[in-house]
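[1] sequence first, predicted coordinates after that:
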Amino acid sequence: MDFVSIRIIAGDINRLVGFYEKITGVQATWGNEDFAELRTAHGTLAIGSTRTVPLFAPGSARPADNHTVIIEFLVPDVDALYEKLKTVVEDFVNEPTTMPWGNRALLFRDPDGNLVNFFTPVTPEATEKFGR
């Protein structure tokens, strides 16, 4: 088995794809007007419109209703990125904070309220774990 992607269902797919393109610097690949992917070296963030939900199972997913998942991105320098994101992100949950497990993390919400974590390993153990 191989983990491939996580998909967000969006009420306004253009707004959400645009947001993720701005914060990640990754250009989305559009499959059609209802589906886009932001591909990185180790995973894909897929974004689908609400019109894709009935293709899987009607009523099985709702946009802007996530209260359990944090979408995480490994970044080279979370502190520098935080300064750049201040013009894009409206809802910061915290400022860059060093976590007990050795990552310096920045938590914020995307326009649909999904939690996003940008983090940089800062301890030798965390750096070794994420040394890519």
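    Alright, I've got the coordinates.
[2] in this structure Val93 contacts Val116, no?
    No: with contact defined as CB atoms under 8 Å, Val93 does not reach Val116; the gap is 9.0 Å. Every residue, glycine included, has its C-beta placed from N, CA and C.
[3] comparing these two, which residue is more hemmed in?
    Ranked by neighbour count (other CB atoms under 10 Å), Val93 and Val116 place Val116 first, with 22 against 15.
[4] can you classify the more buried one by secondary structure?
    strand (DSSP: H, G, I helix; E, B strand; the rest coil).
[5] what does the one 10 residues further on give?
    Here Ala126 is helix, with the state taken from three-state DSSP.
[6] need the contact list for the residue nearest to it when sequence neighbours are not counted.
    Distances taken as CB to CB, 6 or more residues apart in numbering put Gly102 closest to Ala126, at 3.1 Å, once the chain neighbours are dropped. Contact analysis of Gly102 by CB atoms under 8 Å, 6 or more residues apart in numbering lists Pro121, Val122, Thr123, Glu125, Ala126, Thr127, Lys129.
[7] buried only: go through these for me.
    Pro121, Val122, Ala126 (16 or more other CB atoms under 10 Å).
[8] show me where pLDDT drops low in this structure?
    Within the chain, the stretches with pLDDT under 70 are 132.
[9] helices and strands around the lengthiest helix in the chain, which ones?
    Assignment by DSSP state H gives helix 13-24 as the longest helix of the chain. Helix 13-24 is packed against strand 5-10, strand 35-39, strand 44-49, with contacts defined by 3 or more CB pairs under 8 Å, 6 or more residues apart in numbering; DSSP states H and E.
[10] make a markdown table out of these and add distance to Leu16.
    Listed next are the helices and strands packed on helix 13-24 as a markdown table, based on distance: least, CB to CB, whole Å:
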| stretch | distance to Leu16 |
| --- | --- |
| strand 5-10 | 4 |
| strand 35-39 | 9 |
| strand 44-49 | 6 |
